[in-house]
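>>> Output the structure for:
(2 chains)
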Amino acid sequence: MEKMNDSFDWISEALDSGNEQLVSERTAGDKRAEREARIIGAVRATMRQRRDVLRTPVPVQLERTIRMAIAAEADARQQPGVLGRLRGIVASALPRPSFAIAGLASLILAVASLVVLTQQPTSLPSNLSDAAMTMYTDVVASGGDVGLRSSDKNDLRAFFANHGVDFEVFFPTVAAELVGGSVRSINGQDFPVLVYRNAGHFISLLEVDNDAIETSVVSMDQTAADDVEKSKWHWASSDDRTLFVWQSNSIMCSVVSDLAVNEVSALFSLEVL
Amino acid sequence: MSALYSFALRLTRDQEDAADLVQETFLKAFRFFDKFERGTNCKAWLFRILKNSYINTFRRSSKAPDTVEYDVIEEFYETIRDSSVETSVLEEQVFHNALDDEVAQAVASLPEEFRTVVILCDIEGFTYEEIAEFIDCPIGTVRSRLHRARKLLAAKLADYARARGFSTGESE
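Just a heads-up that it's a prediction; the model follows:
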């Protein structure tokens, strides 16, 4: 597109900068340039005069839907006391046009900041590898405690959906017992964790959707990202722990266990190879 | 919210998709508050989220509008580039008398890349710098796309004027 070259591009910019004088001076005596300036000026004025017409009214239902969605998300974060009151403020602010953008956004941001602050103890690091390692440490420290102890995938799917996970959780084929699942937060967004056990060893699987990576909610080491892109999977060992990262459709999976590399790869071989 | 919805509607050309896009935008703003830099333009931040959401979600869906190949745009642009100037079709009066529906239709007919910049600049009043940030491209690209968008709009509005019997003859 940018190979198209138009010597009159500057006219638009000059008009948008309020520099009509410059346009007059530079186009004086050049009929083609003068006409171009008149055309651009007239179109620009036409558009600006009709701003209100060109802006489509917001459907009444949309504001209500957004309020409800935010309320549902706030509920999922399990902070009813403070959030309930703030939701009331949001609700009272929304119908007032003067609050439409700045007011609503500020209140949403205020709610979000409180959620972030109050959820700090359960948040994981934003780096995927670090998050997976931290999650595994927590799993081991709690003796395999999970948010929902169940090996039933349907129960777990419902659990994740009801606790703020907004994508379809992937259940890989693993040669280990599925203990259950938990939801952990990274940068305020909730992600599912599946916990497995094999011969007394815990295995945790943290799943992150691509959208979270694209929007930088979750970051990836360059090495890990390159490995996954070029080699399908990435692995690393640290403190007698093994980290495996691979991508399944739109989900980035990161597994951590104290099993040896070959043992973990064997458990997940169907998925990572 | 009106500006966001209007922009979403221009991008998606579908009321339902636009509503979904705006809702997604506010939910993301809620979720990713920590990404918002205090003291910066909140409206610009919301627009940026909306634009990114559109790229990530709606462009992939089957309901997304067809994208236009750059070569096609270029060819079309070149055909109107000189003719609209030399034939003296377009005068202030022609645009002034354009019907609201015609203006809206002309905007809707623009290729997405052009439609976006003209909406952000002329309807929403953002600066070139802000637009460049939203659509993630150099200011020079914003400048050239905006100028060409206005030229395409001029050609469209001239067509509508001719169809309504407006004189489109030489005026010089």
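
>>> Would you map out the domains in chain B?
B:2-80, B:99-163 (automatic domain parsing).

>>> Can you lay out the ones you listed as JSON lines showing distance to chain A, mean pLDDT and mean neighbour count?
For every residue, glycine as well, the C-beta is placed using N, CA and C. Formatted as JSON lines, the domains of chain B follow (distance: least, C-beta to the nearest C-beta, whole Å; pLDDT from 0 to 100; neighbours: other C-beta atoms under 10 Å in any protein chain shown):
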{"stretch": "domain B:2-80", "distance to chain A": "3", "mean pLDDT": "72", "mean neighbour count": "17"}
{"stretch": "domain B:99-163", "distance to chain A": "4", "mean pLDDT": "87", "mean neighbour count": "20"}
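
>>> Reformat those domains as a markdown table; add distance to residue A:186.
What follows is the domains of chain B, written out as a markdown table (distance: least, C-beta to C-beta, whole Å):
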| stretch | distance to residue A:186 |
| --- | --- |
| domain B:2-80 | 11 |
| domain B:99-163 | 24 |
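
>>> now residue A:184, nearest residue through space, not along the chain?
Using C-beta to C-beta, 6 or more residues apart in numbering or on different chains and skipping residues adjacent in sequence, the residue nearest residue A:184 is residue A:124, 5.2 Å away.

>>> cool, and residue B:7?
Distance criterion C-beta to C-beta, 6+ apart; nearest residue to residue B:7, sequence neighbours excluded, is residue B:119 at 5.9 Å.

>>> Now the phi/psi pair for that neighbour, please.
Backbone torsions of residue B:119, given as degrees, to the nearest 10, read phi -70, psi -50.

>>> That one contacts residue B:4, correct?
No - if you go by C-beta atoms under 8 Å, residue B:119 and residue B:4 don't touch, sitting 11.5 Å apart.

>>> Distance of the residue nearest to the spatial centre of chain B relative to residue A:62?
The residue lying closest to the centre of chain B (C-alpha atoms, centre = their mean) is residue B:115, at 2.0 Å. Plainly put, residue B:115 is 22 Å away from residue A:62 if you go by C-beta to C-beta, to the nearest Å.

>>> Could you do residue A:147 as well?
Residue A:147 sits 33 Å away from residue A:62, taking C-beta to C-beta as the criterion.

>>> And for residue A:144?
Going from residue A:144 to residue A:62 by C-beta to C-beta gives 44 Å.

>>> likewise residue A:50?
23 Å.

>>> do residue A:173 as well
Counting by C-beta to C-beta, the gap from residue A:173 to residue A:62 is 42 Å.

>>> returning to that earlier point: the more surrounded of residue A:144 and residue A:62?
Ranked by neighbour count (other C-beta atoms under 10 Å in any protein chain shown), residue A:144 and residue A:62 place residue A:62 first, with 18 against 15.

>>> same question for the helix or strand containing that one, mean pLDDT?
Using DSSP states H and E, residue A:62 sits in helix A:60-76. For helix A:60-76, mean pLDDT rounds to 71.

>>> gap between that helix and the chain center?
The chain centroid and the centroid of helix A:60-76 are separated by 18 Å, computed with C-alpha atoms, centre = their mean, to the nearest Å.

>>> That helix close to chain B?
Yes - interface with chain B: helix A:60-76 contributes A:62-63, A:65-66, A:69-70, A:73 (C-beta under 8 Å from any C-beta of the partner chain).

>>> Can you flag the buried ones in the residues you listed?
Burial by neighbour count, judged by 16 or more other C-beta atoms under 10 Å in any protein chain shown, picks out A:62-63, A:65-66, A:70, A:73 from those.

>>> Need the contact partners of stretch A:223-243.
Here stretch A:223-243 makes contact (C-beta atoms under 8 Å, 6 or more residues apart in numbering or on different chains) with A:128-129, A:132-133, A:136, A:220, A:244-247, A:252, A:254-261, A:263-265, A:272-273.

>>> tell me the contacts of the spatially closest residue to residue A:191 that is not a sequence neighbour?
In space, and not counting its chain neighbours, residue A:191 is closest to residue A:208: 5.5 Å by C-beta to C-beta, 6+ apart. Residues counted as contacts of residue A:208 (C-beta under 8 Å, 6+ apart) are A:128, A:186, A:191, A:218, A:251-252, A:254.

>>> Check which helix or strand residue A:208 maps to.
With secondary structure defined by DSSP H and E, residue A:208 is part of strand A:201-209.

>>> Just the endpoints, please. Distance across stretch B:101-116?
Using C-alpha to C-alpha, to the nearest Å, the end-to-end distance of stretch B:101-116 comes to 18 Å.

>>> Hmm, I typed the wrong one, I wanted stretch B:107-117.
End residues of stretch B:107-117 are separated by 11 Å (C-alpha to C-alpha).

>>> what does the next helix or strand after the strand holding residue A:208 contact?
As assigned by DSSP H and E, the chain's next helix or strand after strand A:201-209 is helix A:210-214. With C-beta under 8 Å, 6+ apart as the contact definition, helix A:210-214 has outside contacts at A:128, A:167, A:186, A:189, A:191, A:218-220, A:247, A:250-252, B:56.

>>> buried stuff in helix A:210-214?
Neighbour-count burial for helix A:210-214 flags A:211-213 (criterion: 16+ other C-beta under 10 Å).

>>> Which of these sits closest to chain B?
residue A:211 (6.0 Å; C-beta to the nearest C-beta).

>>> Three-state assignment for the residue nearest to the centre of chain B, please.
Three-state assignment for residue B:115 (DSSP: H, G, I helix; E, B strand; the rest coil): helix.

>>> What is the neighbour count of residue A:183?
So residue A:183, with other C-beta under 10 Å, has 20 neighbours.

>>> That one and residue A:206 touch, don't they?
No - look at residue A:183 against residue A:206 with C-beta under 8 Å: they stay out of range, at 10.7 Å.

>>> Can you pull the residues that touch both of these two?
Shared contacts of residue A:183 and residue A:206, defined by C-beta under 8 Å, 6+ apart, comprise A:191-193.

>>> Give me the contacts around stretch B:101-110.
Outside of stretch B:101-110, the residues within contact range by C-beta under 8 Å, 6+ apart are A:46-47, A:50, A:53-54, B:10, B:13, B:98, B:115, B:118-119, B:149, B:152-153, B:156-157, B:160.
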